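Participant: Could you look at this predicted model? Sequence included:
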Amino acid sequence: MPPASPHPLLNVQHINKRFGGVQALDDVGLEITAGQIYGLIGPNGAGKTTFFNVITGLYTPDSGTFMLDGQTYQPTAVHEVAKAGIARTFQNIRLFGEMTALENVMVGRHVRTKAGVFAAVFRPASARHEEAAIEDMAHDLLEYVGIGQYAHYTARNLSYGHQRRLEIARALATEPKLLALDEPAAGMNATEKVELRALLDKIRRDGRTILLIEHDVKLVMGLCDQMTVLDYGKVIAQGLPQDVQKNPAVIEAYLGTPAH
Amino acid sequence: MFNNTLNSPAKKVLAIAGFIALALLAPFIAQTFGGNYWVRILDFALLYIMLALGLNIVVGFAGLLDLGYIAFYAVGAYLMALLSSPQLTSQFADLAQLFPAGIHLGFWWVLFIAGPIAALFGVLLGAPTLKLRGDYLAIVTLGFGEIIRIFLNNLDRPVNITNGPKGINAIDPVVFFGIDLSKAQELFGIKLSPGLMYYYLIMVLVIAVVFISLRLQHSRIGRAWVAIREDETAAKAMGINTRNVKLLAFAMGATFGGISGVVFGAFQAFVSPESFVLWESIYVLAIVVLGGMGHIPGVILGGILLVGFQEVLRELAEPAQKMLFGHVYIDAEVLRQLLFGLALVVVMLYRPSGIWPAPKREDRPVVRTRSHSSRLEGGM
């Protein structure tokens, strides 16, 4: 394992989030080293998705500090977080169903491009180049995630596994510093899981940092460099997968308290 | 395969050329066979198409259900009325002193300023509705449309600005290089009626609106609109500033509505709040939905069919009944409404995405515009 860098890519601390009487997140914090896959696991209702929604700006936290790549960011508006460099996928796939796969990825380029109404209507050379570059990169990304041949398919009509890949390609199009995946393996069969694992591995090898929320403990254990386990909104274990696996609190959270 | 790739574009060009020729000749055909009345109907068909294209940006592209769209048409029409008629100078002595000949800004200047002003009204409508979706949005926009109409209806007291329900008349016509379009002209021995000249004027504007709509649709902005329509949360997560992009959709739609209104005011030479009732908003929405939401050729077809259908029924409903039954059982107006409703139901049941929806692209081959060199490292 590489030594923890002095400036972690993502450093969030002391996050609290309450929904009415439920403390969904209780002083949660974690540090993600650049270039790693960081796993976030926990039983149902542990607060994984809430944490995800808080760091990406979908929910406003009650408290917490947020640092991305050495810069403080305020997760108050979702589109600002995307601009700052966190791109996410959704637990229940949220593609732009009636658009083609290619157009979906092209939308991902929105935040890094700037053509406005004037450029759209008059198409000066700069706008034409930008548009060509957007399309080019979208094709590249579709090929990168392995669905290049489906570029002109309507997103809605793609198979489940391909939709998951498309969502990843769309997120990559925003040139994220951190790629945050919310249960990407949910609903996948064994073969699709193996392929997904290979894809995530490839993305890591290309130097990207991934935050992975997963239900499938096996997938996380084999893939992640570091991990955090949440239960009832609290961090119950943090560290290397092999250490976390042996942690009695984790075993208890997943398997229940042994009978006496 | 060979046929498809070679023949299809040629066919398309031929079809488009045929359509353009028909569109250019339509008023002459209408005049020859039906007289000036039918030319005026063509003018109104074009106006409704222009309105529908504007609404298509809001409803079809961005997916924001707007039931008050006619308000922008009203804004344009009243701008034309107030800035190119004796209304204001006849009511305000100070203004009359400033402009002894009356305010006659003229069609072109009003057209120029109506766009930005209508856009401002679009933003005014859009701003409070940013967090609303679907039916809630529809209710607020409906309210907005009614507010504008009620204002126009009541702004004759305490000071008379809009002349209330009586409306404003004596609006200046369009003058094009010294040619008054409201008077019949002769060109190379061909007699040009006002309806005919307005037809070509509106046609030019419609072409401009189609061009702008198409360019917007196939751009970064157009994709952002459709992304918001398809999934607003995901669009935000992709870094789209949904507030600005939605306001832009409202503003663009309103601009086209306002411009249509200016033409309407000049063409009719008279405006009153009666022309901007809720029914008109619904009618324009019906054109968009029946034609094919988000698909520009579909929206144009929807406009032609709906306006044409209405007028043909108006003309034929009573004679046809007399011929069939020897007696008029149902009033033409009632029958028209009845069949209009029925047509809506039938189309929505059997063609829920409209008569001419956007084509599916599944079978289109993947064509890459550039060679296959991997640019991943640099590109990503």
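Facilitator: Nice, thanks for sending it over.

Participant: give me the low-pLDDT residue ranges for chain A?
Facilitator: For chain A, residues meeting the criterion pLDDT under 70 lie at A:1-6, A:257-260.

Participant: Tell me which residue in it sits closest to chain B.
Facilitator: Nearest residue of chain A to chain B, counting by CB to the nearest CB: A:Val111, 2.8 Å away. Every C-beta, even on glycine, is put in place using the N, C-alpha and C of the backbone.

Participant: I figured that residue hits B:Gly239, correct?
Facilitator: Yes. The pair A:Val111 and B:Gly239 qualifies as a contact (CB atoms under 8 Å) at a distance of 2.8 Å.

Participant: returning to what we had before: please report how far the residue of chain A closest to chain B lies from B:Leu196.
Facilitator: The gap separating A:Val111 from B:Leu196 is 50 Å, by CB to CB, to the nearest Å.

Participant: now do A:Leu179
Facilitator: Taking CB to CB, one finds A:Leu179 at 61 Å from B:Leu196.

Participant: next one: B:Tyr48
Facilitator: 18 Å.

Participant: Can you read off the backbone torsions of A:Lys177?
Facilitator: Taking degrees, to the nearest 10, you get phi -80, psi -40 for the backbone angles of A:Lys177.

Participant: Do I have it right that it meets A:Gly207?
Facilitator: No. Look at A:Lys177 against A:Gly207 with CB under 8 Å: they stay out of range, at 10.6 Å.

Participant: More neighbours: those two, which one.
Facilitator: A:Lys177 (17 against 10; other CB atoms under 10 Å in any protein chain shown).

Participant: Would you list the phi and psi of the closest residue to B:Glu230 other than its chain neighbours?
Facilitator: In this structure, B:Glu230 finds its nearest non-sequential neighbour in A:Phe96, 3.7 Å apart by CB to CB, 6 or more residues apart in numbering or on different chains. Main-chain torsions, A:Phe96, degrees, to the nearest 10: phi -90, psi 90.

Participant: now A:Phe96: how far from A:Glu167?
Facilitator: On the measure of CB to CB, A:Phe96 and A:Glu167 end up 10 Å apart.

Participant: Show me how far stretch A:200-214 is from its chain's centre.
Facilitator: Averaging C-alpha positions (CA atoms, centre = their mean, to the nearest Å) puts stretch A:200-214 9 Å from its chain's average.

Participant: Whichever residue of the stretch 151-300 of chain B sits closest to chain A: how many residues sit nearby?
Facilitator: Nearest residue of the stretch 151-300 of chain B to chain A, counting by CB to the nearest CB: B:Gly239, 2.8 Å away. By the criterion of other CB under 10 Å, B:Gly239 has 27 neighbours.

Participant: How about the contacts made by it?
Facilitator: A:His79, A:Ala82, A:Lys83, A:Ala87, A:His110, A:Val111, A:Thr174 (CB atoms under 8 Å, 6 or more residues apart in numbering or on different chains).

Participant: which residue ranges form the helices in the stretch 101-250 of chain A?
Facilitator: Applying DSSP state H, counting those that start in this stretch to the stretch 101-250 of chain A gives helices spanning A:101-108, A:117-122, A:125-144, A:160-172, A:190-205, A:217-223, A:241-246, A:248-255.

Participant: Repeat that for the stretch 1-150 of chain B.
Facilitator: B:2-34, B:36-55, B:70-83, B:87-91, B:93-98, B:107-126, B:134-154.

Participant: how near is the residue nearest to the spatial centre of chain A to B:Thr129?
Facilitator: By CA atoms, centre = their mean, the mean C-alpha position of chain A lies nearest to A:Ala180, the distance being 1.2 Å. Look at A:Ala180 and B:Thr129: by CB to CB, they are 30 Å apart.

Participant: cool, A:Tyr144 as well?
Facilitator: 39 Å.

Participant: Same question for A:Asn53.
Facilitator: According to CB to CB, A:Asn53 and B:Thr129 sit 24 Å apart.

Participant: And B:Ala343, by the same measure?
Facilitator: 30 Å.

Participant: quick one: which of the two has more around it?
Facilitator: Comparing B:Ala343 with B:Thr129 by other CB under 10 Å, the one with more neighbours is B:Thr129, at 20 against 15.

Participant: show me the contacts for the more buried one.
Facilitator: Counting by CB under 8 Å, 6+ apart, the residues that B:Thr129 touches are B:Leu64, B:Leu137, B:Val140, B:Thr141.

Participant: try B:Met238
Facilitator: Applying CB under 8 Å, 6+ apart to B:Met238 gives the contacts A:His79, A:Ala82, A:Ala87, A:Val107, A:Gly108, A:His110, A:Val111, A:Arg170, A:Ala171, A:Ala173, A:Thr174, B:Ala227.
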